[in-house]
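Q: Sequence first, predicted model second:
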Amino acid sequence: MGRHKQPAELKVVHGTYRKDRDPALKDLAGSPLTKLPEPPSMLRRMGKQRWRSVGKKLIASNLLRDTDLETLQVYCAAWDEFDQSEKDIAEHGAYVTTMTGGVRAHPALQRKQKAMEMIERIGRLFGLNAMSRSQVVAPKKQQRSGVQPRSREA
């Protein structure tokens with residue numbers, strides 16, 4: 001698996017943007033959001049909390065675009081799944097007895113692990129963990145039109 005593509009705005013900020021390599025990227029990227037829409041109705045309590053808190057931070061950093069809302073929804077749904085798995089494990093325990101009398105891990109443990117992986121993977125795309133945050137440089141709000149590359153000083 002190769003490196004993830006950087007948004008055109010980050011390339012401009014880093015001084016590596018070349019229009020000949022990204023001619024249509026600006027149209028596909030969508031426009032930056034200034035106000036967070038209401039959370040999707042399919043999200044449960046934890047997902048809606050994450051939608052509001054993470055969405056506000058991404059908008060404040062000028063990193064959330066209208067084309068990112070579906071990805072944010074999947075991220076928040078993964079938080080819902082994580083929360084529900086935690087509740088199931090707390091209620092029924094981490095292990096279950098099978099019909100033959102054996103003991104095995106509760107299925108909620110696997111759901112929890114998959115939700116954690118999804119949270120980490122999508123969080124990395126938005127710069128929500130320490131490692132990815134060091135790689136994402138948010139463009140300044142006043143730089144939306146006519147962004148100037150930052151100068152590289154020797």
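A: Sure, I can see it. Note that this is a predicted model, so its numbers are computed, not measured.

Q: And the nearest residue to residue 114 once chain neighbours are set aside, how far from residue 35?
A: Spatial nearest neighbour of residue 114, chain neighbours left out: residue 81 (7.6 Å); criterion: CB to CB, 6 or more residues apart in numbering. (Each C-beta comes from the backbone N, C-alpha and C, glycine too.) Using CB to CB, to the nearest Å, residue 81 is found at 27 Å from residue 35.

Q: Buried residues of the longest helix seen in the chain, list them for me.
A: As assigned by DSSP state H, the longest helix anywhere in the chain is helix 69-92. For helix 69-92, the neighbour count (16 or more other CB atoms under 10 Å) marks 69, 72-73, 75-85, 88-89 as buried.

Q: Next secondary structure after the lowest-mean-pLDDT helix or strand in the chain?
A: For the chain, the helix or strand with the lowest mean confidence is helix 25-29, at a mean of 57 (criterion: mean pLDDT, DSSP states H and E). Using DSSP states H and E, the helix or strand that follows helix 25-29 towards the C-terminus is helix 45-60.

Q: can you list contacts of that following helix?
A: 33-36, 39-40, 43, 64, 68, 72-73, 75-77, 79-80, 82-83, 126, 128 (CB atoms under 8 Å, 6 or more residues apart in numbering).

Q: Next, the angle from that helix to helix 69-92.
A: 150 degrees (axes from the mean of the first three to the mean of the last three CA atoms, to 10 degrees).

Q: Would you mind listing the buried residues in helix 45-60?
A: 46-51, 54-55, 58-59.

Q: Out of these, which comes closest to residue 20?
A: residue 58 (29.5 Å; CB to CB).

Q: roughly how far apart are that closest one and residue 128?
A: As judged by CB to CB, residue 58 and residue 128 stand 9 Å apart.

Q: Give me the common contacts of those two.
A: By CB under 8 Å, 6+ apart, no residue touches both residue 58 and residue 128.

Q: follow-up on the earlier one: tell me which two of the buried residues of helix 45-60 sit farthest apart.
A: Farthest-apart pair in the buried residues of helix 45-60 is 46 and 59; separation 20.1 Å (CB to CB).
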